[in-house]
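Peer 1: return atomic coordinates for the entry below.
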Amino acid sequence: MYKRQLCPFVSETGAVATQSLVNVDLGRTGIEYIDDGLGVGDALESLLNADEGAPQRQLHGVDAQETFAFSGAECGEWFGHQEGEHFTVAGNLLTGEAVLEETAATYADVAVHETTDETDGSPREGDGPEPLAKRLIDALAAGHEQGGDKREGLTVQSAAVVVESTESHDVTKPYNDLRVDATETPIADLQETYKLAVDGYEATLERYAEAYEQDSLDEATER
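Peer 2: This next block holds a predicted model:
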C-alpha cells in the first residue's frame, strides 16, 4: 500500500504524498498540476477545495521553491503535519505530537547543509551525507521511539521507504526501494533490511567491478 497509494507521486518538479483517508487522484493530479507550472501550494489547495472528503485527508508535498501540508479536522487522533526546508512530514493515529516533532527534527538535522558548514558555508571535511534512504529510515525510527502508532492492539504492521531519482544511473541501488510487511517490529525490520541491501549492493559491485569497468570502456569505444 505504501508505495502504490501513498508516495509514488514524484516527478522532476515535485513530490506529493496522500495519507489518512487516501485519495490517489489527489497525488496523481497534484503532480500533473505541478508539472504544468503551478506551485505545490496552489496545486494541492485547488484539489482539496474540490474534494468533499478533504476533512479526512492528509495531503502534503514539495516543489523546487516551496512546501505545502494539510491535515483535515476529521483525521484520526493524534494527527498533524510539519513543513521544513524542502521537506514535509505528516502522520495520524499517533501517540502524540512528539512523534512528528522528533521525526521532523531528526531529518532536518541531516537534510540541510549536508555537505557544507552551517556557519560559513565551507565544505565539510570527512565523509559525505548518508544515503537518503538511511536518513529517512533514521527519521522514522526517531519518531517510533517517541511512541509511534497509538494502536497498541495492532500488533502486525508494515513499513517502507522509497527514494526516487530524476538522474539516470547505470546501477539501480536496491536499498532505495524497501518494504517489510506483516511484522511486529516494522522499523527494526526495515533497518535490518536496509543494512542487508547495502551489504549486498556493495558486495555485488566489488565482485563484478572488473566486468563493469570493461563494459564501460567498451561503450565509450563504440561511441
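Peer 1: quick one: the strands in this protein?
Peer 2: 9-10, 14-20, 57-63, 67-71, 80-84, 87-91, 157-162, 177-183 (DSSP state E).
Peer 1: pLDDT below threshold where in this structure?
Peer 2: Applying pLDDT under 70 to the chain picks out residues 1-7, 112-128, 169-170, 211-223.
Peer 1: can you show me the helices along it?
Peer 2: 24-35, 40-49, 97-111, 132-145, 186-207, 209-222 (DSSP state H).
Peer 1: closest to residue 153 out of those helices?
Peer 2: helix 186-207 (15.4 Å; CB to CB). All C-beta spots, glycine's among them, are computed from the backbone N, C-alpha and C.
Peer 1: buried sites along that closest one?
Peer 2: For helix 186-207, the neighbour count (16 or more other CB atoms under 10 Å) marks 186, 187, 189, 190, 191, 193, 194, 197, 198, 201 as buried.
Peer 1: who touches it?
Peer 2: 131, 133-134, 137, 140-141, 144, 148, 157-161, 171, 173-175, 178-180, 183, 212 (CB atoms under 8 Å, 6 or more residues apart in numbering).
Peer 1: check stretch 145-154 too.
Peer 2: Applying CB under 8 Å, 6+ apart, the set of residues contacting stretch 145-154 is 78, 93, 94, 95, 96, 98, 99, 101, 102, 157, 187.
Peer 1: how does it look with 6 Å?
Peer 2: Applying CB atoms under 6 Å, 6 or more residues apart in numbering, the contact partners of stretch 145-154 are 93, 94, 95, 98, 99, 102.
Peer 1: what does stretch 102-113 give?
Peer 2: 82, 84, 85, 87, 89, 135, 139, 142, 143, 146.
Peer 1: re earlier: want to try TSV for the helices of the chain, with distance to residue 73 as columns?
Peer 2: What follows is those, written out as TSV (distance: least, CB to CB, whole Å):
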stretch	distance to residue 73
helix 24-35	17
helix 40-49	12
helix 97-111	16
helix 132-145	22
helix 186-207	28
helix 209-222	54
